[in-house]
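Student: I'd like to go over a predicted model; first the sequence, then the structure.
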Amino acid sequence: MPSTPYLVAVLAIVFTITLALRAVPFAVLRTLRTSPIVRQLSAWMPVGILAILAVTALHGSVAAEPHTTPYALLAVAVTAGVHLALGRRTILSVGIGTAVYVALVNAL
């Protein structure tokens, strides 16, 4: 069993490294806030991440059950429509689109 001072030293090092890794991006971002590249990334990255998640989820569900492809496409259309019609509320549109997909798959 390691000694107490050794464990305290390890915990202090882990705490310092974790804190530094969490704080450094915010410190760097403060200097980059006026950068046009950072502004573009902040606008497009959420859309890109959501698109990647959607494609991955659709691929998984369609590959598992190919007969659900029309339901998945309809749910995507509903999600996009709700997103545009109700003020671009991501959680609401994804939730309604998911509910539509689950209802279609289980009802038909």
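Tutor: Yep, it's here.
Student: Surely Thr98 touches Val78?
Tutor: No. Judged on CB atoms under 8 Å, Thr98 makes no contact with Val78 at a distance of 9.7 Å. Backbone N, C-alpha and C define where each C-beta goes, glycine included.
Student: Quick one: the strands in this protein, in order.
Tutor: Counting by DSSP state E, the chain forms no strands at all.
Student: distance between the lowest-mean-pLDDT helix or strand in the chain and the chain's centre?
Tutor: The weakest-scoring helix or strand in the chain, judged by mean pLDDT, DSSP states H and E, is helix 36-64 (a mean of 87). On the basis of CA atoms, centre = their mean, to the nearest Å, helix 36-64 sits 8 Å off its chain's mean C-alpha point.
Student: Also stretch 56-76?
Tutor: 19 Å.
Student: first to last residue in it, what's the distance?
Tutor: Using CA to CA, to the nearest Å, the end-to-end distance of stretch 56-76 comes out at 13 Å.
Student: for stretch 75-93, same thing?
Tutor: Stretch 75-93 end-to-end distance (CA to CA) = 10 Å.
Student: Would you mark the buried spots in that stretch?
Tutor: Buried residues in stretch 75-93, defined by neighbour count with 16 or more other CB atoms under 10 Å: Ala75, Val78, Thr79, Val82, His83, Ser93.
Student: now stretch 53-68
Tutor: Buried residues in stretch 53-68 (16+ other CB under 10 Å): Leu58, Ser61, Thr68.
Student: just to revisit the earlier point, could you list every helix and strand in contact with the least confident helix or strand of the chain?
Tutor: Here helix 36-64 touches helix 69-85, going by 3 or more CB pairs under 8 Å, 6 or more residues apart in numbering; DSSP states H and E.
Student: tell me the average confidence for the helix it packs on?
Tutor: Helix 69-85 carries an average pLDDT of 93.
Student: List the neighbours of that helix that are in contact with it.
Tutor: 54, 58, 61-62, 89-90, 92-94, 96-98, 100-101, 104-105, 108 (CB atoms under 8 Å, 6 or more residues apart in numbering).
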